[in-house]
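# This is a predicted model, with the sequence first.
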Amino acid sequence: MKSLSRWILLLILLLLVGLAVPTTALAQDRSGDEFVFGGVFTLDEGDRLRGNLYVFGGVATVEEKARVSGDVIVFGGALDIAGEVEGDITIMGGNVELRETAVVEGDVNSVGGNITPAEGAVIEGDFNEGLNAPFAIFTPSVGPRTIDRDIKVDFNPIVDFLWFMFRTFLWAALAIVAVLFLPRQTERTANAALAQPLISIGVGLLTIIVVPIVLIILLITIIGIPVSLLGMLALFIIWALGIVSLGTELGRRLAVLLKQDWALPVSAGLGTFILIFLANGIGQAVPCVGWLVPLALGLLGVGAVLLTRFGTQDYPPVYPPAPGAPVGPAPYGPPPGTPGYPAPGSHGPAGSPRIVVPDIPPHPEGKPFPGDTEASAPEAGAEKDDDASRGAQVF
């Protein structure tokens, strides 16, 4: 009994010592990707995430000395990084804050988002900000650098131009493929854009404002993620079809201007190449307002695609004539059979007198010839003989 009491007393003493001495938390490794949907996630100091971090409308924090082995993708959320990220950071419509201890070994890409780096934050890859997809043109740079509040991005103008031309050729190739499979759809879309440009831009602007909000809401709910991803894909297809249709119409008009008989794929490829080249060129060359040109073209194309229901019908719609309706201009005068009007082939209303105008020179003394008066319903036989003898014209 005494020995048992001694063991119990010893355990109590050890427990008290353990509570009195501060302990150090052990670092944890988390395997697999981490998804944050409208919630809060924190990667504590010393922890390591062996996977990618996805933030959809939520808030994520990577504390100092914490490490993410994969990529970080932020869509409409907020991210605070004080640790290390081995992969890339891509932000779309959200906010990312890089602390002074943050280290990003990959690229940092921003599409409609906001990145706030602190002085001392290190990005070893490329820093691409202010992209306007799908007209986006990345500005590549070489070598790691430390960025501060005044972001300075080094770039190679030769590589930048080559990337610009490569994207333009991709659009031209896409246009050639599109007209081979969807020739009528591209034609209807272009006709709608030219016939109703203001309505098309208005519909496109409303779509670009409303659809992303709906997609973000669907992303927050786990069950709506597949629908949201399909919506993003559909929005890109609509944008691309609109741009290709406008480029194809530009190629057609260029062929007419140069009096050339180009095949439709040639017109589509050349016209789309010129359109994208000019739109992107103006967007990059003109500061502050240059982005309005590619944006306006995109909105015009999106609206035209939706107005024509993906190019499946004309806009404004063309209705066929009703069954039995006359084709061509309407006949002059009232319809046949109207009371009081002559039937086809007759000279006047039934029972009305006929007016006889002789085709002879006037009387030398200005007097009327005998019988040159309005007939008051004479007999038909005598009237015909009188007309034949004088060569008169009957009205």
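Thanks, I have the structure now. Since the model is a prediction, treat every value here as computed from it, not as a measurement.

# What helices and strands are in contact with the helix or strand containing Val211?
Assigned by DSSP states H and E, Val211 belongs to helix 197-220. Under the contact criterion of 3 or more Cβ pairs under 8 Å, 6 or more residues apart in numbering; DSSP states H and E, helix 197-220 touches strand 53-56, helix 225-257, helix 292-307. Glycine gets a C-beta too; all of them are placed from N, C-alpha and C.

# Quick one: work out the angle between the helix or strand just after the longest one and helix 292-307.
Counting by DSSP H and E, the element after helix 225-257 in chain order, helix or strand, is helix 264-285. Helix 264-285 and helix 292-307 meet at an angle of 140 degrees, taking axes from the mean of the first three to the mean of the last three Cα atoms, to 10 degrees as the criterion.

# what does helix 264-285 contact?
132, 135, 137, 164, 167-169, 171-176, 178-180, 183, 186, 243-244, 246-255, 262, 290-291, 293-294, 297 (Cβ atoms under 8 Å, 6 or more residues apart in numbering).

# got the CA coordinates for that helix in CSV?
Only the C-alpha atoms of helix 264-285 are listed here, as CSV (Å, rounded to 0.1, in the frame of the first residue of the first chain):
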residue,chain,number,x,y,z
LEU,A,264,-12.1,32.3,-95.7
PRO,A,265,-9.3,30.8,-93.5
VAL,A,266,-6.7,33.2,-95.0
SER,A,267,-9.0,36.2,-94.4
ALA,A,268,-9.7,35.0,-90.8
GLY,A,269,-6.0,34.4,-90.0
LEU,A,270,-4.7,37.6,-91.5
GLY,A,271,-7.6,39.8,-90.2
THR,A,272,-7.3,38.4,-86.6
PHE,A,273,-3.5,38.8,-86.6
ILE,A,274,-3.9,42.5,-87.6
LEU,A,275,-6.6,43.1,-85.1
ILE,A,276,-4.8,41.5,-82.2
PHE,A,277,-1.5,43.2,-83.2
LEU,A,278,-3.1,46.7,-83.2
ALA,A,279,-5.2,46.2,-80.1
ASN,A,280,-2.3,44.8,-78.0
GLY,A,281,0.1,47.3,-79.5
ILE,A,282,-2.1,50.3,-78.5
GLY,A,283,-2.8,48.7,-75.2
GLN,A,284,0.9,48.5,-74.4
ALA,A,285,2.1,51.7,-76.1
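
# Give the buried residues for that helix.
264-265, 267-277, 279-280, 283-284 (16 or more other Cβ atoms under 10 Å).

# try stretch 39-50
Phe41, Leu43, Gly46, Asp47, Arg48, Leu49.

# Equivalent analysis for stretch 233-241, please.
Result for stretch 233-241 [16+ other Cβ under 10 Å]: buried residues Leu235, Ile238, Trp239, Ala240, Leu241.

# cool, stretch 198-213 as well?
Ile199, Ser200, Ile201, Val203, Gly204, Leu205, Thr207, Ile208, Val211, Pro212.

# need these in JSON lines with pLDDT, can you?
Shown next, in JSON lines, are the buried residues of stretch 198-213 (pLDDT from 0 to 100):
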{"residue": "Ile199", "pLDDT": "94"}
{"residue": "Ser200", "pLDDT": "94"}
{"residue": "Ile201", "pLDDT": "94"}
{"residue": "Val203", "pLDDT": "94"}
{"residue": "Gly204", "pLDDT": "93"}
{"residue": "Leu205", "pLDDT": "93"}
{"residue": "Thr207", "pLDDT": "93"}
{"residue": "Ile208", "pLDDT": "90"}
{"residue": "Val211", "pLDDT": "89"}
{"residue": "Pro212", "pLDDT": "86"}
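
# ok, so of those residues, who is nearest Gly106?
Of all the buried residues of stretch 198-213, Gly106 sits closest to Pro212, with 25.6 Å by Cβ to Cβ.

# who's Ile123 bridged to?
Val104, Arg145 (DSSP bridges).

# Low-confidence regions, the stretch 1-150 of the chain specifically.
Within the stretch 1-150 of the chain, the segments meeting pLDDT under 70 span 1-29, 38, 76, 93, 112-113, 129-150.
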